[in-house]
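[1] coordinates only, sequence not included:
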């Protein structure tokens, strides 16, 4: 079973770009998988959600998606910098796929040949190895 780790900016895609990330994941990941969200991602989203800005609304929507019981998203305790934690987790857990749009994190993951799911063309997701 593959483990998909969801990053902060990835969870904001549904509101920002009107892309159903869960349907897109089903389209591109052919193996069984589980979805994980580090607690640091939740904390980042909580910090962004205040106010009426577009990012604030996107963060609020992301938190609602995480809380949706039908999605079966598991929360894992993280510590320190979120990107560092995601990288370490993916390296330590072979078969992990990181879902992110963060350019710097994608660059760091590429060094370890960790697959990444990211937004492509603002309307669909793509898996890169």
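    Now that the structure is in, tell me what you want to look at. Everything numeric in this text was worked out from a predicted model, so none of it was measured. Numbers count the residues shown, from 1 in each chain.

[2] quick one: contacts for residue 22?
    By CB atoms under 8 Å, 6 or more residues apart in numbering, the contact set of residue 22 is residue 71. C-beta: built from backbone N, CA, C; applies to glycine.

[3] check the gap between it and residue 125 for me.
    Look at residue 22 and residue 125: by CB to CB, to the nearest Å, they are 10 Å apart.

[4] how far off centre is the lengthiest helix in the chain?
    Assignment by DSSP state H gives helix 54-67 as the longest helix of the chain. The chain centroid and the centroid of helix 54-67 are separated by 13 Å, computed with CA atoms, centre = their mean, to the nearest Å.

[5] which stretches of the chain have low pLDDT?
    69 (pLDDT under 70).

[6] which stretches in it count as strands?
    Residue ranges of the strands in the chain, as given by DSSP state E, are 2-6, 33-38, 73-76, 96-99, 116-120, 124-128.

[7] which of those sits most buried?
    strand 96-99 (a mean of 23; mean count of other CB atoms under 10 Å).

[8] and that strand, what does it pack against?
    Contact here means 3 or more CB pairs under 8 Å, 6 or more residues apart in numbering; DSSP states H and E; on that basis strand 96-99 packs against strand 2-6, helix 82-92, strand 116-120.

[9] and of the ones you listed, who's closest to residue 38?
    Residue 38 lies closest to helix 82-92 among those, at 5.7 Å (CB to CB).

[10] check which residues of the closest one are buried.
    82, 83, 85, 86, 87, 89, 90 (16 or more other CB atoms under 10 Å).

[11] need those residues in TSV with distance to residue 45, can you?
    Shown next, in TSV, are the buried residues of helix 82-92 (distance: CB to CB, whole Å):
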residue	distance to residue 45
82	11
83	15
85	15
86	14
87	19
89	18
90	20
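
[12] gap between the closest residue to residue 44 other than its chain neighbours and residue 81?
    Leaving out its chain neighbours, the residue that sits closest to residue 44 by CB to CB, 6 or more residues apart in numbering is residue 8, at 4.5 Å. Distance, residue 8 to residue 81, using CB to CB: 12 Å.

[13] which one's more surrounded, these two?
    Neighbours per residue (other CB atoms under 10 Å) separate residue 8 from residue 81, with residue 8 holding more: 25 against 11.
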